[in-house]
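Asks: fold the following, please.
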Amino acid sequence: MQTAARLLLLPVLTCGPIWAGGNSSSAHSTAGITIVRPILMRKTQDLYFGALLVDPASPGGAIKQHAAFGGGTREGDPAGVTQVALSTEHWHNAEFEIRGEPGANFSVHMPRGTIQISAPSPSATSSLPVVALNYYAESAIDPGGMTRIWIGGTLQLPANPSPGHYTALFPVTVAYY
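Replies: So this is what the prediction gives:
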């Protein structure tokens, strides 16, 4: 006698992949953001090395303003160079007011190399180098959202510079870190 083999097919319904063992896992993540005040910088004073009387027979020298050592110190004038008062404005460091998020720290970026300050009209000395720009900051941004920085540098004088008013622009950038 022969027996017929019958195969019974049953449909299997699922709502997703079937994993061995049937495990699944879920977790939650928190989305967040901190909004801070923008950092703003306002110049309140330019870097000014002063009015200098330079003896043509002098060997030259360097006028140094050290903002990094306290916000406004100056080394003594080199031999043959004398600070004179042409007005009420004597030498001073550049000064900037920084506003931003209270308690935030920031970095200051300036030219690392030499900047040349130039006379507006042609003269025997067309430019003077300023090297070693440096700065001093009061602190991180205070609880009121403000602090100050001062910038100084070293002016290199040639042996016999031509009279004139020398100027240059140089960039200063502050950024949160």
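Asks: per-residue pLDDT, the closest residue to His109 other than its chain neighbours?
Replies: Residue nearest to His109 in three dimensions, not counting chain neighbours: Thr173, with 4.3 Å by Cβ to Cβ, 6 or more residues apart in numbering. For every residue, glycine as well, the C-beta is placed using N, CA and C. Thr173 carries a pLDDT value of 97.
Asks: where are the low-confidence patches of the chain?
Replies: Residue ranges of the chain with pLDDT under 70: 1-22, 122-124.
Asks: helix, strand or coil for the most centrally placed residue in the chain?
Replies: Computing the C-alpha centroid of the chain and ranking residues by Cα atoms, centre = their mean puts Val108 first, at 2.1 Å. Secondary structure, DSSP: H, G, I helix; E, B strand; the rest coil: Val108 is strand.
Asks: check the gap between it and Gly164 for me.
Replies: 30 Å (Cβ to Cβ, to the nearest Å).
Asks: which element, helix or strand, includes Tyr136?
Replies: strand 127-137 (DSSP states H and E).
Asks: so which bits of that strand are buried?
Replies: Ser127, Leu128, Pro129, Val130, Ala132, Leu133, Asn134, Tyr135, Tyr136, Ala137 (16 or more other Cβ atoms under 10 Å).
Asks: which residue sits closest to the fifth one, ignoring its sequence neighbours?
Replies: Looking back up the chat, that one is Ala132. Closest to Ala132 by Cβ to Cβ, 6+ apart is Thr154, at 4.6 Å.
Asks: how about the nearest residue in space to Tyr166 that is not next to it in sequence, what does it touch?
Replies: What sits nearest to Tyr166 in space, not counting adjacent residues and going by Cβ to Cβ, 6+ apart, is Ile117, at 4.3 Å. Neighbouring residues of Ile117 by Cβ atoms under 8 Å, 6 or more residues apart in numbering: Ser127, Leu128, Val130, Leu155, Tyr166, Thr167, Ala168.
Asks: what is the neighbour count of the fifth one?
Replies: This points to Tyr166. 19 (other Cβ atoms under 10 Å).
Asks: what do you get for the last one?
Replies: Under the neighbour criterion other Cβ under 10 Å, Ala168 is assigned a count of 12.
Asks: many thanks, we can stop here.
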